[in-house]
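K.L.:
Structure, please.
(chains A and B)
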There are 2 protein chains.
Amino acid sequence: MARFVDRLLEMSRRKGSLLCVGLDVDPARIPGPLRGRSDWVYEFNRGIIEATHDLVCAYKPNLAFYEALGLQGLEALERTMSAMPPDVLVVGDAKRGDVGHTAAAYARALFDQLRFDAVTVNPYLGSDSVEPFLDREDRGVFLICKTSNPGSGDFQDLICAAPEGSMPLYQVVAFRARGWNRRGNVGLVVGATYPEQLAEVRAMAPELPLLIPGVGAQAGELERAVVDGTDAAGERVLVSSSRQVIFASSGNDWMEAARRAALGLRDEINRFRQAKATPNSGISSPSDRRSG
Amino acid sequence: MARFVDRLLEMSRRKGSLLCVGLDVDPARIPGPLRGRSDWVYEFNRGIIEATHDLVCAYKPNLAFYEALGLQGLEALERTMSAMPPDVLVVGDAKRGDVGHTAAAYARALFDQLRFDAVTVNPYLGSDSVEPFLDREDRGVFLICKTSNPGSGDFQDLICAAPEGSMPLYQVVAFRARGWNRRGNVGLVVGATYPEQLAEVRAMAPELPLLIPGVGAQAGELERAVVDGTDAAGERVLVSSSRQVIFASSGNDWMEAARRAALGLRDEINRFRQAKATPNSGISSPSDRRSG
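P.N.:
Modelled structure (predicted):
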């Protein structure tokens, strides 16, 4: 089977989309028509997928929201995976990380049981904790690098004396990730809330796909995520949005509203890609900004 | 309810045991009498618990091994939790870590759905990713600090320029963990395979319980784990062993063999505690070794 990076490029080209929609179910935000139904998790996902799958490159269920619902939630996730159309990739946002033989069990859980095309992995335990996820070249491994949350700097921004040089921890992760990318299946997670760090990671690792969560919280972040996150060809990025799309409405129009939100995001991302590719478009490149 | 640290001390005193047995099920090592049974995961755990619960302070199922078996594995874990006797604590070894509201979902999954007394948490995402686990003072949060695997040094040993001073990353984690311990429910995971680092962490954080996996792989590690890991009173430690106990035999005597292994470990741990408390016992303290 093809390397994950090629599957990602192929899918984003075929769909004309870098959009990834987070399937983060929330019992407090069930759309009216699904309230009171015992199968609301599956029906919610099915509705969102039906309404948006032609617009997205990938879906990204975060396992926390399913585990919080107990076995019922995990059954609904399995059922959602079985109903996934073939024209999308699915990233299991699990952020797992454990010692060697335990990491291998997680890889079986995520790649064999749940059949994700890619997963997120926490690198804190080191190379042998990541290795079991790297075995399959067709499955992607997005290593947590610089996360979108306010406290991400607590450890990720600490300046480290690494063999590669003195740099923040998240950059050491980016450096190592390149070395681990022997099968074309490694990517990095970098939050849109830290555009400078995003530009630095892209410059350090031009060949790695970036999964970029955290758009939507602040204006301007989407533009920077697209301009600074994509490679020279305007590719190799998944821009992830969850609540802005899936909870666009809780009324009877919840599916149409999700479609409108996804369409708007896909097109806005593509406008920024187009503008980046067009000189004198008014969209500045990272190097312009640095010299300005 | 009591603070987790007090629950742990109370349980380890009542049982006279610092032993924690890892319930890491493995389909390749099913005891003969359980082979071919569809409920072997639950029956295996039930047998191990029946044979050993009076000897242990805690059990520690690692979620990876249940997730690797799919929904059936997770059902068996739930059933195991429902059958847990009241005279043990249960640590959910999940090593989760995610941004704020997602971490809160994981806390619900682990503390409410699965009802663990404590969990392991990966600190890489920073303070706001740990905070949702700290809300309940009766539930423990063991932060991954210095892990037992060969690659643990890749990031954990990097010397960081932290506000607290220049030190390896795992020590920054230990420092921050002390600050997060406002409710008496924070602990640290430190592998027995790194006895020097274990002694350093104990010296830095005298009040935090340590969960110590990795004993059994090398001779001498158990002694160092007990002598250097326990506090001045010979307490505040869970020594975790999995395969050495639960897979002691795969024959008809699998329960008796597990009991013998647990009994041997509990008593060996207590001998080292006794020797540490007895001057001129031949057990050296960390400071003796450093000056030697």
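K.L.:
Please make it C-alpha for all contacts and neighbour counts, starting now.
P.N.:
Noted.
K.L.:
For the strand or helix carrying residue A:141, what does the pLDDT average out to?
P.N.:
Element membership for residue A:141 (DSSP states H and E) is strand A:140-146. Regarding strand A:140-146, the rounded mean pLDDT is 98.
K.L.:
Check the offset of that strand from the chain's centre.
P.N.:
Taking CA atoms, centre = their mean, to the nearest Å, one finds strand A:140-146 lying 9 Å from the centre of the chain it belongs to.
K.L.:
other SSEs contacting that strand?
P.N.:
strand A:118-121, helix A:127-134, helix A:169-180, strand A:186-190 (3 or more CA pairs under 8 Å, 6 or more residues apart in numbering or on different chains; DSSP states H and E).
K.L.:
Quick one: closest of the ones you listed to chain B.
P.N.:
helix A:127-134 (5.5 Å; CA to the nearest CA).
K.L.:
I figured residue A:258 was touching residue A:242, is that so?
P.N.:
No: the pair residue A:258 / residue A:242 is not scored as a contact, 10.2 Å apart, by CA atoms under 8 Å.
K.L.:
Please verify my assumption that residue A:256 contacts residue A:50.
P.N.:
No: Residue A:256 is beyond contact range of residue A:50, at 10.2 Å (criterion: CA under 8 Å).
K.L.:
sorry, back to before: residues contacting the following helix or strand past the strand holding residue A:141, please?
P.N.:
Under the assignment DSSP H and E, the closest C-terminal helix or strand after strand A:140-146 is helix A:153-156. Residues outside helix A:153-156 that contact it (CA atoms under 8 Å, 6 or more residues apart in numbering or on different chains) are A:145-146, A:168-170, B:124-127, B:169.
K.L.:
Just the buried ones from those residues?
P.N.:
A:145-146, A:168-170, B:124-127, B:169 (16 or more other CA atoms under 10 Å in any protein chain shown).
K.L.:
Which pair of those residues spans the longest distance?
P.N.:
A:168 and B:127 (17.4 Å; CA to CA).
K.L.:
Would you mind listing where chain A has pLDDT under the threshold?
P.N.:
Residue ranges of chain A with pLDDT under 70: A:217-220, A:279-292.
K.L.:
So which residue is dead centre in it?
P.N.:
With distances taken as CA atoms, centre = their mean, the residue of chain A nearest its centroid is residue A:211 (3.7 Å).
K.L.:
Mind listing the residues bridging to that residue?
P.N.:
Residue A:211 forms beta bridges with residue A:189, residue A:238, as assigned by DSSP bridges.
K.L.:
Quote the end-to-end distance of stretch A:73-89.
P.N.:
Terminal residues of stretch A:73-89 are spaced 21 Å apart (CA to CA, to the nearest Å).
K.L.:
Report the buried residues of that stretch.
P.N.:
Residues of stretch A:73-89 classed as buried: A:73-81, A:84, A:88-89 (neighbour count, 16+ other CA under 10 Å).
K.L.:
did I read that right, residue A:75 in a strand?
P.N.:
No: Residue A:75: not assigned to a strand; according to DSSP: H, G, I helix; E, B strand; the rest coil it is helix.
K.L.:
Go ahead and confirm it touches residue B:72.
P.N.:
No: using CA under 8 Å, residue A:75 is not in contact with residue B:72; the gap is 10.3 Å.
K.L.:
Stretch A:200-208: how far from the chain's middle?
P.N.:
That offset, for stretch A:200-208, works out to 16 Å (CA atoms, centre = their mean).
K.L.:
Need the CA coordinates for that stretch. CSV is fine.
P.N.:
Taking C-alpha atoms only, stretch A:200-208 is exported to CSV below (Å, rounded to 0.1, in the frame of the first residue of the first chain):
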residue,chain,number,x,y,z
GLU,A,200,9.5,27.5,12.4
VAL,A,201,8.4,23.9,12.4
ARG,A,202,7.5,24.1,8.7
ALA,A,203,10.9,25.5,7.9
MET,A,204,12.6,22.8,10.0
ALA,A,205,10.6,19.9,8.5
PRO,A,206,9.6,20.8,4.9
GLU,A,207,8.6,17.2,4.1
LEU,A,208,6.4,16.4,7.1
